[in-house]
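Please find the sequence and the predicted model below.
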Amino acid sequence: MVIWINSPGGDCIAASQIYAMLMDYPGNVTVKIDGIAASAASVIAMAGTKVLMAPTALMMIHNPATGAFGDHTDMQKAIEMLDEVIRGNHEDLYEELATVDQGQPFSHHISNGTYDTALQLTGMDKWMALIHQYDFAEAAQDTPYYKRIIPAMQNYYETAHYIFVHGWIPCLRERTTYCSIGNWRKADDNMWSTARWFNGMDANQFVYEDGKTIVCGHWHASYGHTVYEKKGSEFGPDANFQPYYGNGIIALDACTVVSGFVNCIIIDD
């Protein structure tokens with residue numbers, strides 16, 4: 001199957017359904033972007049077994065956005081919906097790059113895409129950013145992403161049956177084991193920052209929340225399939241980057257840089 005995309009985007013739920021349908025197709029799906037795959041269309045593009053872009057084509061991915069109509073109650077509901085966005089370690093590294101490291105990128109800023117994100121948001125050329133690193137740091141701090149979006153992000157979001165986090169809920173790690181800290185919801189910022197780097201699939205063996213499923217990212221889902229299901233390898237040709245479903249956990253990270261796609265699921269709770 002060959003899918004041609006030239007779309008400015010649209011409804012994210014519809015895009016998620018199209019993505020899921022294409023992922024269920026038993027054969028190969030080749031996505032060809034000859035114009036633009038923007039916003040929700042970029043989600044559909046990730047369903048391709050192979051994704052090809054024309055030299056002049058564009059892909060645009062943006063932060064969560066919405067529109068609302070109505071009185072102040074409707075406006076507040078829209079704000080609260082965007083406030084359900086979970087903070088990850090990418091935001092931590094962006095803050096570190098823009099402040100502590102004063103615009104000087106280190107390997108971890110580059111390998112996980114934080115540096116490229118800062119360059120795109122500031123509009124600065126890579127070489128000029130290196131030469132004028134202090135100006136680059138100031139420009140990174142002057143972006144709406146740094147000033148408004150990151151502060152609005154939450155450490156976790158919770159519904160009746162699910163908890164959404166980046167890495168895992170705060171706990172104590174001792175080599176290969178993890179220990180509960182009791183009321184993790186009251187954990188301080190340092191503990192949340194540490195928890196964002198945890199491998200949730202390992203942590204789930206020791207620390208969990210009774211009666212709830214924790215939905216996490218950060219660590220590639222192929223790890224769970226390999227280690228706990230004994231199926232395939234982590235990064236070989238038989239690696240499975242589809243969501244890992246375990247007892248009390250759903251791990252979503254598809255390691256997009258390797259797999260070439262993102263995992264999207266819809267949870268109705």
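Perfect, thanks for sending it.

residues in contact with the residue most central in space within the chain?
When Cα atoms, centre = their mean is applied to the chain, the residue found nearest the centroid is G217 (6.8 Å). If you count contacts by Cβ atoms under 8 Å, 6 or more residues apart in numbering, G217 has them with 88, 166-167, 251-253. Yep, even glycine has a C-beta here, placed from its N, CA and C like the rest.

For the protein, name the helix or strand with the lowest mean pLDDT.
The weakest-scoring helix or strand in the chain, judged by mean pLDDT, DSSP states H and E, is helix 72-82 (a mean of 61).

Show me where the stretch 101-250 of the chain dips below the pLDDT cut-off.
For the stretch 101-250 of the chain, applying pLDDT under 70 flags no range at all.

Sketch out the helices for it, chain order is fine.
Secondary structure of the stretch 101-250 of the chain, counting by DSSP state H, counting those that start in this stretch: helices at 107-111, 114-122, 126-131, 133-141, 144, 150-152, 189-195, 200-203, 222-227.

Of those helices, which is nearest I33?
helix 114-122 (18.2 Å; Cβ to Cβ).

Show me what the closest one is packed against.
Here helix 114-122 touches helix 89-98, helix 107-111, helix 126-131, helix 133-141, going by 3 or more Cβ pairs under 8 Å, 6 or more residues apart in numbering; DSSP states H and E.

Of those, which stretch is the most buried?
helix 89-98 (a mean of 20; mean count of other Cβ atoms under 10 Å).

Keeping just the C-alphas, turn it into CSV.
The C-alpha coordinates for helix 89-98 follow below in CSV (Å, rounded to 0.1, in the frame of the first residue of the first chain):
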residue,chain,number,x,y,z
ASN,A,89,13.2,14.6,30.6
HIS,A,90,13.3,16.5,27.3
GLU,A,91,11.9,19.5,29.1
ASP,A,92,14.4,19.0,31.9
LEU,A,93,17.3,19.0,29.4
TYR,A,94,16.0,22.0,27.6
GLU,A,95,15.9,24.0,30.9
GLU,A,96,19.4,22.7,31.7
LEU,A,97,20.7,23.7,28.2
ALA,A,98,19.2,27.2,28.5
